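>>> Sharing a sequence plus its predicted fold:
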Amino acid sequence: MTSPELTVRLGDVFLRFTGWLPSDDGYLYRFAAQGEPDISCHILRCERLDAPCAPALYTAPRKAVWRTAQEETVAYFTDTAHRKCYALLSRPCAPAQPLTLRLCAPLIHYQEKYVLSCICMESLLLQHREAIFHAAWIEREGRAVLFSGASGAGKSTHSALWAQLRHTPVVNGDKALLLRREDGFYAAGLPYAGSSGICRNVTLPLSALVFLSHGKENGLRRLGAREAVSMLLSQMPVQPWRAEDIDAALHMATQLAAALPIYAYACLPDASAVTCLEQRLFREDA
């Protein structure tokens, strides 16, 4: 434990951790901020954890969920064979009540990304009208351009090409936080970096969102509203047992598709893809 508490700002949401905190050399501390918490989480280190014995509301290979009138409990397991519980989240149903996260081996020496995952970060943010979104993204003239798509679509390659050829800084190579303010949609940094290791704490107005795929030539098309919403939802992680999260993600995707241009871009993994997109997407900026 390096400090009795840590408050971070994610978009416009303040999250406070107390108890057994992550080490101070990770991404999470780049987002340290002062402010009254919207969400609080107390972390406990335990020698052993036992999941509830009652029938579960939801089960997955390494996760199970229980819900009562008072709280929701999420248990995480090492594998399907031994089902050793290594993390247990207690989430009160009453608004603004603090969460409790209990951890044991193999997370005794845990990385902060596991803590964020175990507290169902995407669910917490959706309930505050913010959405985690899978994308590599760049800063172009003070605005955010997001490159999304299926695994292997070229998100990291494309953002790296822009950085190399147009000197546009890469903000994050893995995720963005989408949020709406009175003057429009924004993209904010998150304490994740994926394999890129790139994680900057900035918040920028959202200029455009591009879904990448491999093509034999460069071809850009603007998506219609229905297709755009479907594509957006495919890259917004949600907890499948929470209907309210699904509704919040759908609402966010619908608003975003109505407010901003959403594109599909089948392209080559080379400099020509940057030139083509720049001419099509930003010609009005020239």
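Arrived safely.
>>> can you point me to the longest strand in this protein?
Counting by DSSP state E, the longest strand found in the chain is strand 203-214.
>>> which strands and helices sit next to that strand?
Packing partners of strand 203-214 (3 or more CB pairs under 8 Å, 6 or more residues apart in numbering; DSSP states H and E): strand 143-148, strand 184-188, strand 262-267, helix 271-281. Just so you know, the C-beta spots here come from the backbone N, C-alpha and C atoms, and that holds for glycine as well.
>>> Leu256: what's it in contact with?
By CB atoms under 8 Å, 6 or more residues apart in numbering, the contact list for Leu256 reads Leu178, Phe185, Leu209, Ala228, Leu232, Ile262.
>>> The strand or helix carrying it relative to strand 184-188, how many degrees between them?
Assessed by DSSP states H and E, Leu256 sits inside helix 243-259. Between helix 243-259 and strand 184-188, the angle comes out at 120 degrees (axes from the mean of the first three to the mean of the last three CA atoms, to 10 degrees).
>>> any idea of the mean pLDDT for helix 243-259?
Averaging pLDDT along helix 243-259 yields 97.
>>> how about Trp162, phi and psi?
Here is the backbone geometry of Trp162 (degrees, to the nearest 10): phi -60, psi -40.
>>> quick revisit: neighbour-wise, which one of the contacts of Leu256 leads?
Leu209 (28 neighbours; other CB atoms under 10 Å).
>>> Mind jotting down where the helices sit in the chain?
Counting by DSSP state H, the chain has helices at residues 112-118, 121-126, 155-166, 225-234, 243-259, 271-281.
>>> Number of residues surrounding Ser195?
8.
>>> my read: it touches Gly173, true?
Yes - counting by CB atoms under 8 Å, Ser195 touches Gly173, with 7.3 Å between them.
>>> shared neighbours, these two?
By CB under 8 Å, 6+ apart, the residues touching both Ser195 and Gly173 are Ser156.
>>> buried sites along the longest strand of the chain?
Under the neighbour-count criterion of 16 or more other CB atoms under 10 Å, strand 203-214 has Thr203, Leu204, Leu206, Ser207, Ala208, Leu209, Val210, Phe211, Leu212 buried.
>>> Ignoring the adjacent residues along the chain, who's closest to the most centrally placed residue in the chain?
Closest residue to the average C-alpha location of the chain: Ile132 at 3.0 Å, with CA atoms, centre = their mean. In space, and not counting its chain neighbours, Ile132 is closest to Glu122: 4.6 Å by CB to CB, 6 or more residues apart in numbering.
>>> Tell me who's in contact with the one you found.
With CB under 8 Å, 6+ apart, Glu122 has these contacts: Ala131, Ile132, Met236, Pro237, Val238, Gln239, Asp245.
>>> State the number of residues packed around the fourth one.
What it means is Pro237. By other CB under 10 Å, 18 other residues sit near Pro237.
>>> Sounds good, over and out.
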